[in-house]
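1. I would like to see how this sequence folds:
(one chain, ligands or ions: 1)
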Amino acid sequence: MAAVAAAAGTFARRMARSGVLFPRSSPQVWPQAARQPPGLLPAQRRAFSNNKILVELDTSSGVATMKFKSPPVNSLSLDFLTEFCISLEKLENDRACRGLIITSAIPRVFSSGLDITEMCGKSTEHYAEFWRAVQEMWIRLYGSNLVTVAAINGSSPAGGCLIALSCDYRIMVENPKYVIGLNEAQLGIVAPFWFKDTFVNAVGHRAAERSLQLGLLHSVPEAHRMGLVDEVVPEEKLQEKAVAVMAQWLALPDHARQLTKSMMRKTFRTLSSSHPKTPSRSHFQRTWRC
Ligand SMILES: CCCCCCCCC/C=C/C(=O)SCCNC(=O)CCNC(=O)[C@H](O)C(C)(C)COP(=O)(O)OP(=O)(O)OC[C@H]1O[C@@H](n2cnc3c(N)ncnc32)[C@H](O)[C@@H]1OP(=O)(O)O
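-> Here you go, the predicted model:
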């Protein structure tokens, strides 16, 4: 057992030296924090909040819940993305936290994707900063050592879908009005290749190609059939299901699960280290006609 742990540690150090992109502040392997028998101590909660996001950490279970609360539609503005990355980093640096459930406090919308107003009539520097923030959000979430569960309680187009896709597991509320997908082609734009890769990783090449070319927003049953979401539940069962799924994933030793996740996502992180270029000002202007 000790030999396995030592080998895992060596591997983790090699990974760190390999230059593979991973959030720098995240420890490679986390200790088994917050694993006490349930019921011995009263649940302890810590919370922090900003204008866009509310985070509650239950230190007895090690599970944090992050709620998007940016009306009207949780669009991913520069401020939102910055707050998201800060909140995630805080949780990753907190030894009491092992898992993260991401959900929305706004009725009917999980996230409407990138904030369109950030991509219109701004300076080149702003576009560069915004684009870096989008990439940073994806790199941090996709490469997170935490178990991440998306509890999708509303529509989730484009960048909203990317957030869900970057998690380890997706549970969506059954509602005929909710849709999810990468609809960029319908908007006359192209999903960046790292959006595409994350999508392919979840649903496979053929389903992703068709969905991306047509810019489809899928109904919940369709998203479930194609594997874009892993489970569908009634609204009132969402939290209970997310907690149950989290418990199942947290039952595994952290180091084995984390290294497996790292192995599965390594190609993508390596790709991301090529740092996709910031679209030019004229590209944004052409795209959004502003
Ligand atoms: C290669 C390089 C190329 C350069 C470009 C590179 C980018 C490539 C990748 C792009 C990724 C993206 O995420 S692009 C963003 C894609 N997002 C979308 O297409 C989402 C569009 N929105 C929707 O479908 C809907 O709003 C939805 C989220 C389902 C909620 O519907 P509702 O009926 O509840 O609400 P609505 O009435 O529609 O919207 C309420 C208000 O929110 C605003 N709103 C809605 N979505 C918004 C958004 N994304 N950003 C800002 N504001 C938004 C509306 O304008 C309304 O404003 P008021 O009228 O003032 O009240």
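2. residue boundaries of the helices in the stretch 51-200 of the chain?
-> For the stretch 51-200 of the chain, the helices defined by DSSP state H, counting those that start in this stretch occupy 78-92, 124-142, 159-165, 193-203.
3. Next, see if the third one gets close to the ligand.
-> Yes - when contact is scored as Cβ under 6 Å from any ligand atom, part of helix 159-165 falls within range of the ligand: G159. C-beta coordinates here come from the backbone N, C-alpha and C atoms, glycine included.
4. For that helix, which outside residues touch it?
-> Helix 159-165 has contacts (Cβ atoms under 8 Å, 6 or more residues apart in numbering) with 74, 76, 102, 109-114, 134, 137-138, 141, 150, 152, 156, 170, 180-182, 195, 198-199, 201-202, 228-229.
5. The ligand contacts on this protein?
-> Contacts of the chain with the ligand, taken as Cβ under 6 Å from any ligand atom, map to 72-73, 75, 108-109, 112-117, 155, 157-159, 183-184, 187, 189-192, 279, 283-284, 287.
6. Can you select the buried ones from those residues in ChimeraX?
-> In ChimeraX, a selection of the buried entries from the residues of the chain next to the ligand looks like this (16 or more other Cβ atoms under 10 Å):
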select :73,75,109,112,113,114,115,116,155,157,158,159,183,184,189,191,192,279,284,287
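7. tell me the most buried of the helices of the stretch 51-200 of the chain?
-> Of all these, helix 159-165 has the most neighbours on average by mean count of other Cβ atoms under 10 Å, namely a mean of 26.
8. can you put the helices of the stretch 51-200 of the chain in JSON lines and add mean pLDDT and distance to D254?
-> Shown next, in JSON lines, are the helices of the stretch 51-200 of the chain (pLDDT from 0 to 100; distance: least, Cβ to Cβ, whole Å):
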{"stretch": "helix 78-92", "mean pLDDT": "98", "distance to D254": "13"}
{"stretch": "helix 124-142", "mean pLDDT": "96", "distance to D254": "18"}
{"stretch": "helix 159-165", "mean pLDDT": "98", "distance to D254": "23"}
{"stretch": "helix 193-203", "mean pLDDT": "96", "distance to D254": "22"}
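9. For D58, find the nearest of those helices.
-> Shortest distance between D58 and the helices of the stretch 51-200 of the chain, using Cβ to Cβ, is found for helix 78-92: 11.9 Å.
10. Phi and psi next, for the residue nearest to P72 when sequence neighbours are not counted.
-> Distance criterion Cβ to Cβ, 6 or more residues apart in numbering; nearest residue to P72, sequence neighbours excluded, is I106 at 7.3 Å. Listed backbone geometry of I106 is phi -100, psi 130, with angles given as degrees, to the nearest 10.
11. Please renumber the chain so that the first residue is 41 from this point on.
-> Will do, 41 is the new start, and the previous item becomes I146.
12. got a pLDDT number for I146?
-> Reading off the confidence values, I146 has pLDDT 98.
13. Give me the neighbour count for it.
-> The local packing of I146 (other Cβ atoms under 10 Å) involves 19 other residues.
14. which ones are touching it?
-> With contacts defined as Cβ under 8 Å, 6+ apart, I146 is in contact with 108-114, 194.
15. next SSE after the helix or strand bottoming out on mean pLDDT in the chain?
-> For the chain, counting by mean pLDDT, DSSP states H and E, helix 42-57 ranks last in confidence among helices and strands (a mean of 37). Using DSSP states H and E, the helix or strand that follows helix 42-57 in sequence is strand 85-89.
16. Can you verify my assumption that C207 contacts L186?
-> No - here C207 does not reach L186: they are 9.7 Å apart, not a contact under Cβ atoms under 8 Å.
17. Tell me which of those two has more neighbours.
-> Higher neighbour count among C207 and L186: L186, with 26 against 23, using other Cβ under 10 Å.
18. out of everything not next to it in sequence, what's closest to that one?
-> When the adjacent residues along the chain are set aside, L186 lies closest to L140, with 4.7 Å between them (Cβ to Cβ, 6+ apart).
19. what sits against that neighbour?
-> Residues in contact with L140, defined by Cβ under 8 Å, 6+ apart, are 103-106, 128, 131, 184, 186-189.
20. bridging residues for it?
-> When bridges are assigned using DSSP bridges, the partners listed for L140 are A104, T188.
21. how close does it get to the ligand?
-> L140 is 21 Å from the ligand, where distance means Cβ to the nearest ligand atom, to the nearest Å.
22. pLDDT score assigned to that residue?
-> Residue-level confidence at L140 comes out at 98, pLDDT.
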